[in-house]
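J.: Need coordinates for the below:
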Amino acid sequence: MDTLGIAQASGVRTVDELVTPRPGAFTPVGVIWHYTATPPRGRNMPTLNVVKHGRSDLPGPLSQYLLGRDGTVAAITTGKANHAGSGAQRVLDSVRLDRPPPAPWGPQVGGNRWFVGVEMEAGAPDYGYTGAQRVAALKLAIGLSQALDIGPNAHIGHSEWTARKGDPGDNWSMPEFRQQIAAGLTSGPTPTRPNQEVDVTEAEINTIVLRVLDGLVGDPKDPADGYGEASADGSRTALGIRVAKVIQDEHAKTREAIADLAAKLG
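T.: Below you'll find the predicted structure:
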C-alpha cells in the first residue's frame, strides 16, 4: 500500500516515518481508528517512536498512520502492522459489504491483515481531539476510501471491532464520522497540495483575533464585562488555543500564519 502517497494525495500535511512492516499478507478491506491514550506531554506526536518500533510486549509497527495533534499525518509503514488484534468475524463480514458494524461478538478472527490502522494522539477523558485532527482525519479517511475502493462503513472504531477496547472513545462518534465520509465521497472535495501555503492578510488576522477575544472575554467596546489586560492575561493559554482553532477554521492552516499571529499577540 502506498501509505505516504495516499496521505499526500488526501491533502493533509504528511511526514515520512516509514519503517519495515510486519511479515505476512496485508490485503486491507477497511480502516480501524484508534487513539493512543497518551497525554500530549508538550509534544505533537509523543507516541511516534512506540508506534514505529513497538513495545517490549508487542513489536512494531503498531499502525499504518499516526495523526498528530496539529493534524500532521505520519506515514508509518506500507504493509502489515500490529494494531487490530482479534475481533468479530461478523464485523469483518459487514465491512466487506459496506454495512454498519454489528455488535462485536461471536467467532473471532485476526484483523491486522484486513485493516489499515490509524492511531490518533488523544485519549479519554482529559486529552481529547483537536480541531486540526478532526479536519485531517476526514481528509485522510476520504483519501483511503478512494485509494482502497471502500465505502464509509468500512471505517470502524477499535471498540466496534472488539469489545475489549474503548477507543476512539465517546468524543469521537464513529456513526457521525461515517456520515461525514459518505458526504465527502459524494461531494468530491477539492484536492489540495500537502503543506499548501495560504495567504492571510493583516486585516484578516485582526478580524480573527477580535472574534476570539469577543467570544473569550467579552465585548471589547464594553469595559464593564471584564474585557481588558487582566482578563486577557489570565486566559493567555486558552486564548492561544482558541486563536489557533479559529485560524484552522478560516482555512489558514500554515505554520507561518500561526507564527505571525503569535508575534502580533506578543
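J.: which stretches of the stretch 151-266 of the chain have low pLDDT?
T.: Residues of the stretch 151-266 of the chain meeting the criterion pLDDT under 70: 188-266.
J.: pLDDT at the closest residue to residue 84 other than its chain neighbours, what is it?
T.: With sequence-adjacent residues excluded and distances taken as Cβ to Cβ, 6 or more residues apart in numbering, residue 84 is closest to residue 111, at 3.0 Å. Bear in mind the C-beta positions are built from the backbone N, C-alpha and C, glycine included. On pLDDT, residue 111 comes in at 98.
J.: Strands of the chain, start to end?
T.: 14-16, 30-35, 54-55, 58-59, 65-67, 73-75, 86-88, 108-110, 115-120, 155-157 (DSSP state E).
J.: could these be laid out in JSON lines, adding mean neighbour count and distance to residue 145?
T.: Listed next are the strands of the chain as JSON lines, based on neighbours: other Cβ atoms under 10 Å; distance: least, Cβ to Cβ, whole Å:
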{"stretch": "strand 14-16", "mean neighbour count": "17", "distance to residue 145": "17"}
{"stretch": "strand 30-35", "mean neighbour count": "27", "distance to residue 145": "8"}
{"stretch": "strand 54-55", "mean neighbour count": "14", "distance to residue 145": "28"}
{"stretch": "strand 58-59", "mean neighbour count": "12", "distance to residue 145": "28"}
{"stretch": "strand 65-67", "mean neighbour count": "29", "distance to residue 145": "14"}
{"stretch": "strand 73-75", "mean neighbour count": "25", "distance to residue 145": "15"}
{"stretch": "strand 86-88", "mean neighbour count": "20", "distance to residue 145": "20"}
{"stretch": "strand 108-110", "mean neighbour count": "14", "distance to residue 145": "22"}
{"stretch": "strand 115-120", "mean neighbour count": "27", "distance to residue 145": "11"}
{"stretch": "strand 155-157", "mean neighbour count": "26", "distance to residue 145": "8"}
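J.: May I see those organised as a markdown table, with distance to residue 100 added?
T.: Below are the strands of the chain laid out as a markdown table (distance: least, Cβ to Cβ, whole Å):
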| stretch | distance to residue 100 |
| --- | --- |
| strand 14-16 | 30 |
| strand 30-35 | 12 |
| strand 54-55 | 32 |
| strand 58-59 | 29 |
| strand 65-67 | 23 |
| strand 73-75 | 26 |
| strand 86-88 | 13 |
| strand 108-110 | 19 |
| strand 115-120 | 16 |
| strand 155-157 | 9 |
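J.: picking up where we left off before, now for the residue nearest to residue 84, how many residues are close by?
T.: Residue 111 has 24 neighbours, counted by other Cβ atoms under 10 Å.
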